[in-house]
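>>> one predicted model, sequence on top.
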Amino acid sequence: MLHAADDGVRIRRLHEVQQLELPLAWADLHSGDPQAEPGAVPVRFGGPRLIALGGDGTPEVADLALVEMAIARHEHVLVTRGALADAFDLRHRLPSVWVGVREGRCEVWVVRRVVRMSRSLDRHQVRVVDTAVAAALDEAPSRILAIAEAKVIEADPVAHQARISKNQNDKGVWYPKPRPGSQVDDTDGTAGIGTVFARLDEADALAHQHTVDDLAAALAEHADVPDGAEPFSLDHWRAEAFAMLADPAAVLAFLNSIDDTSQAEEVEEAAQQPSTPEVEEVAQQPSRDHRSPTAELIVHISLTDTGEFGPLARIENLGPRLLAQVRNLLRRHATITVQPVIDLHTGRSVNGYEHPTDVKRRTQLRTVGDVFPHATNLFTKQGRAPDHDHTTPYDKHGPPGQTGDHNDTPLTRPHHRAKTHVSGYTVLQLGPDRWIWGTPHGLYRLVTGGGTRPITRAEYHLLAQQSVELAGAFAA
């Protein structure tokens, strides 16, 4: 059954590819200019004509020829036009992606999303998207789309700056009125609840989020919870904090009151000790300045072939941003601390069981997410930290240096439980960012930073020979 399910995915994908290839073949048969045919009805009288559906560099097709194809596909002609436009773009503008899709490596709906994201690029600009997405087709859909988004921006940063400028003129805050009947709707009712929508500058939105989160945490910490009562969720306290911002004086009074209480408790505790310079220092400490928010931005940048910064950076938890946007995000902070660059080509091993923090950090940066086959979980600061499992089980009586970059498999908790408690899972590490997996019933996968790829049993055993010797440079 498992092998049938595995084969079924590939068969379904190839069938969906065929649903794009058929309109392509039909369009190729109707690519000539119908107005050049003898006795053609002029376009001004409703006659057929050539139209361009895809992006720059795609061929034209006779418009009325698509009506019959739409009937064959059981759909409206506009839907057929959309499918053909995507197919044209794949074949003529994203040829490397098209090859991978025809091999069944990726879901068709994902690459059709990529096509629409990149349609505004010209035939030369779109090449950078084609190369990057083709190399990522084995990754999870969300990761493919994130890579495509970044490359579309990188290919035409001027157009993206224009998008930003346009959006800056479309900012606003809205307080919609409840629709009739919503007051008594038990599914999604609005009785006693108001809704707010806002479009803000990104830096302003992040600053607002940090302020609300800090205030919510303070409200939750100092709330009186009756005995036996269930405490409110943090979402509830965020709503209370958001509402409280309507009265800035009340916010400052609350924050200063809890600061004064905390400081008084510290002074009282210190007063019970013999007088020392430290006690006097506590008594003279000023209240916390709530107008100076702190934030951590982890920014990934790359150099061009000429050794200069590219136009784009990737900010963890936000995604691709122009360098000008990065500067805008940092402009609120008077003090900026630049942390050392982490070299992912280095590694080390230790004799203890626990993976050191620097090893965990490098592994998570190399892999980006869970390395279980076909996993989609990405490691973010908001998410739960992954379990760093020893690929080769740790042996307390074994040789030194068992823990390190060469023996680290980051997994989310459900996948870690499956690997640990379901008999038959095997995993071998071929390097700091390559693993091969075997399942209890004989499915085999190669997992790399580029995603998950099915392999045969013979390929698994061939690759397994590489894991016999731990990667020397990283185990050293």
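Received the coordinates, thanks.
>>> what residue ranges in this protein score low on pLDDT?
260-296, 332-335, 380-384, 467-476 (pLDDT under 70).
>>> which helix in it has the most residues?
helix 2-29 (DSSP state H).
>>> from the contact counts, what lies against it?
Packing partners of helix 2-29 (3 or more C-beta pairs under 8 Å, 6 or more residues apart in numbering; DSSP states H and E): helix 65-72, helix 77-92, helix 95-102, helix 108-118. The way it works is simple: take the backbone N, C-alpha and C, and place the C-beta from them, glycine included.
>>> can these go into CSV with extra columns for mean neighbour count and distance to residue 245?
Shown next, in CSV, are those (neighbours: other C-beta atoms under 10 Å; distance: least, C-beta to C-beta, whole Å):
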stretch, mean neighbour count, distance to residue 245
helix 65-72, 16, 53
helix 77-92, 20, 44
helix 95-102, 19, 46
helix 108-118, 21, 36
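>>> so which of those gets nearest residue 342?
Between residue 342 and those, the shortest separation by C-beta to C-beta is 29.7 Å, and it involves helix 108-118.
>>> what is the helix or strand that that closest one is followed by packed up against?
As assigned by DSSP states H and E, the chain's next helix or strand after helix 108-118 is helix 127-135. Applying 3+ C-beta pairs under 8 Å, 6+ apart, we find helix 127-135 packed against helix 95-102, helix 108-118, helix 141-155.
>>> CA atoms only for helix 127-135, dumped as CSV, please.
Taking Å, rounded to 0.1, in the frame of the first residue of the first chain, the C-alpha atoms of helix 127-135 are listed here in CSV:
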residue,chain,number,x,y,z
ARG,A,127,16.1,33.4,-15.9
VAL,A,128,17.3,34.0,-12.3
VAL,A,129,13.9,32.7,-11.1
ASP,A,130,14.1,29.7,-13.3
THR,A,131,17.6,28.7,-12.1
ALA,A,132,16.8,29.1,-8.4
VAL,A,133,13.3,27.4,-8.4
ALA,A,134,14.6,24.5,-10.5
ALA,A,135,17.2,23.8,-7.9
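>>> buried ones in the helix or strand where residue 321 lies?
In the assignment (DSSP H and E), residue 321 maps to strand 319-322. Using 16 or more other C-beta atoms under 10 Å as the test for burial, strand 319-322 gives 320, 321, 322.
>>> just the closest of the residues you listed to residue 36, please.
So of those, ranked by how close each gets to residue 36 (C-beta to C-beta), first place is residue 320, at 45.6 Å.
>>> show me what contacts that closest one?
By C-beta atoms under 8 Å, 6 or more residues apart in numbering, the contact set of residue 320 is 146, 149, 150, 153, 154, 312, 313, 314.
>>> next one: residue 442
Contacts of residue 442 by C-beta under 8 Å, 6+ apart are 2, 3, 457.
>>> same question for residue 131.
residue 96.
>>> and it, how far from residue 41?
Distance, residue 131 to residue 41, using C-beta to C-beta, to the nearest Å: 44 Å.
>>> residue 322 too?
50 Å.
>>> related to what we said a few turns ago, of the buried residues of strand 319-322, closest to residue 415?
residue 320 (27.6 Å).
>>> which residue, other than its chain neighbours, is closest to the closest one?
Nearest residue to residue 320, sequence neighbours excluded (C-beta to C-beta, 6 or more residues apart in numbering): residue 150, at 3.7 Å.
>>> next: residue 419.
Among residues not flanking residue 419 along the chain, residue 425 sits closest, at 4.9 Å (C-beta to C-beta, 6+ apart).
>>> for residue 23, same thing?
Ranked by C-beta to C-beta, 6+ apart and with sequence neighbours excluded, the top spatial neighbour of residue 23 is residue 84, at 4.5 Å.
>>> pretty sure that neighbour contacts residue 62?
No - using C-beta atoms under 8 Å, residue 84 makes no contact with residue 62, being 11.6 Å away.
>>> ok now do residue 105, which residues does it touch?
137, 138, 453.
>>> for the nearest residue to residue 350 once chain neighbours are set aside, give its distance to residue 409.
Take residue 350 and drop its neighbours on the chain: the residue closest to it by C-beta to C-beta, 6+ apart is residue 403, 5.1 Å away. From residue 403 across to residue 409, the span is 12 Å (C-beta to C-beta).
>>> which residues touch residue 437?
Contacts for residue 437 were tallied using C-beta under 8 Å, 6+ apart; they are 372, 373, 425, 426, 427, 444, 445, 446, 447.
>>> let me know the secondary structure of it.
strand (DSSP: H, G, I helix; E, B strand; the rest coil).
>>> do residue 342 as well
Per three-state DSSP, residue 342 ends up coil.
>>> try residue 388
strand.
>>> still on that earlier bit, looking at the contacts of residue 437, spot the one nearest residue 98.
Out of those, the member with the shortest distance to residue 98 (by C-beta to C-beta) is residue 446, at 23.0 Å.
>>> secondary structure element for that closest one, which one?
Element membership for residue 446, per DSSP H and E: strand 444-448.
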